[in-house]
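Colleague: Have a look at this prediction, sequence included:
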Amino acid sequence: MDCIFCKIVNGDIPAYKVYENDKVLGFLDISQTTKGHTLLIPKKHVANLYELSSEDASEIFSVVPMVANALKKAFKPIGLNLVNNTEKPLQTVNHFHIHLLPRYSSDSLQIGFANYADSLTKEDYLEVTDAIVSAIKKT
């Protein structure tokens, strides 16, 4: 397999590891978008969130608060963003991973959301709600 994260798990590529157990690996993102930028991955290859089992999600997300609190204690950020990119347009490594991005008053990272609330009707919300509920029932 030509997955860079699998190569890190297998020890073929070095990484700055901050956490490891038998199912999950945490290491510094090489970009260090902000100081302490950490990735958490399942050790077994899973391409993205759509393929992540509930068991794998449980293993990974059980580690998130511990690593987040370690980042808070180590660097005293003003906050933290938890980010996952799945498929287009932003997933660049096809191995599920969560970014923990400590935030600082001096960083220039821009993460925002458009707000369309003023242009949506109650019917629009109900249509979207029904579509999601229907899809959940089919899984």
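Modeller: Arrived safely.
Colleague: Please make it C-alpha for all contacts and neighbour counts, starting now.
Modeller: Fine.
Colleague: tell me the mean pLDDT for the lengthiest helix in the chain?
Modeller: Ordering each helix of the chain by length in residues (DSSP state H) puts helix 122-137 first. Taken as a whole, helix 122-137 has a mean pLDDT of 89.
Colleague: Residues in contact with it: which ones?
Modeller: Contacts to helix 122-137, defined as CA atoms under 8 Å, 6 or more residues apart in numbering, come from no residue at all.
Colleague: Where does the prediction get shaky in this structure?
Modeller: Along the chain, the parts satisfying pLDDT under 70 run over 1.
Colleague: show me the contacts for the residue nearest the centre of the chain.
Modeller: The centre of the chain sits closest to I98, judged by CA atoms, centre = their mean, with a distance of 2.1 Å. Counting by CA under 8 Å, 6+ apart, I98 makes contact with 39-41, 82-84.
Colleague: can you count the residues close to L120?
Modeller: When neighbours are counted by other CA atoms under 10 Å, L120 registers 9.
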